[in-house]
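**Q** Predicted model follows, preceded by the sequence.
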Amino acid sequence: MTPNLQTVQALYAAIARGNMPAILAAMDECMEWNEPESLPYVSQVGPAAIAEKIFAAAFRDVTNLTITPNEFIDGGDVIVALGRYGGRGSRTGIALDTPFVHIWRLRDGKLVYFRTYTDTKHWLDALGG
């Protein structure tokens, strides 16, 4: 297991615990976060913006949001995680249960890039949008 894979796995563990300081500490100051264009979460740069505009918003919009990886592909500076999002839309009560592919890029042990691929229809149904 490479150090970059360990960093990404530790990040998912921090997300599961709701440990925002550990999540943000794993990110480079220029971290670039990319969401699907059809979702209400606009891509962001920098840990503070990501915390406010992505994490806080998603955890507000989805009750008991889970982000559960079940497979990792270790490409050195690029780590791919496959897993599932789960939870329930806070406004709609509609269940969210959809797969994801996450692409992470790391430099000098820090996360510098993220992109998610998921079925946005499931997200939009759960969010009521």
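**A** Alright, I've got the coordinates. On a predicted model such as this, the values are computed, not experimentally measured, just so you know.
**Q** the longest helix in the protein is where?
**A** As assigned by DSSP state H, the longest helix anywhere in the chain is helix 3-17.
**Q** how about the helices of the protein, start to end?
**A** 3-17, 20-25, 47-50, 57-61, 120-127.
**Q** Let's have those helices in a markdown table, adding distance to Val80 and mean neighbour count.
**A** Yep, even glycine has a C-beta here, placed from its N, CA and C like the rest. Listed next are these as a markdown table, based on distance: least, CB to CB, whole Å; neighbours: other CB atoms under 10 Å:
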| stretch | distance to Val80 | mean neighbour count |
| --- | --- | --- |
| helix 3-17 | 9 | 16 |
| helix 20-25 | 19 | 15 |
| helix 47-50 | 19 | 17 |
| helix 57-61 | 20 | 17 |
| helix 120-127 | 19 | 18 |
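**Q** quick one: which of those is nearest Asn34?
**A** Closest to Asn34 of the helices of the chain, according to CB to CB: helix 47-50, at 10.6 Å.
**Q** export the longest helix of the chain as CSV, just CAs?
**A** Presented in CSV, the C-alpha positions along helix 3-17 are these (Å, rounded to 0.1, in the frame of the first residue of the first chain):
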residue,chain,number,x,y,z
PRO,A,3,1.5,6.5,1.1
ASN,A,4,-0.9,8.2,-1.3
LEU,A,5,-3.4,5.3,-1.0
GLN,A,6,-3.1,5.5,2.8
THR,A,7,-3.8,9.3,2.7
VAL,A,8,-7.0,8.7,0.6
GLN,A,9,-8.2,5.9,2.8
ALA,A,10,-7.6,8.0,5.9
LEU,A,11,-9.6,10.8,4.3
TYR,A,12,-12.6,8.5,3.9
ALA,A,13,-12.3,7.4,7.5
ALA,A,14,-12.2,11.1,8.6
ILE,A,15,-15.3,11.7,6.5
ALA,A,16,-17.1,8.8,8.1
ARG,A,17,-16.3,10.2,11.6
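**Q** Not counting its own residues, what contacts that helix?
**A** By CB atoms under 8 Å, 6 or more residues apart in numbering, the residues outside helix 3-17 that reach it are 22-23, 26, 66-69, 72, 74, 76-77, 79, 81, 104, 106, 109-111.
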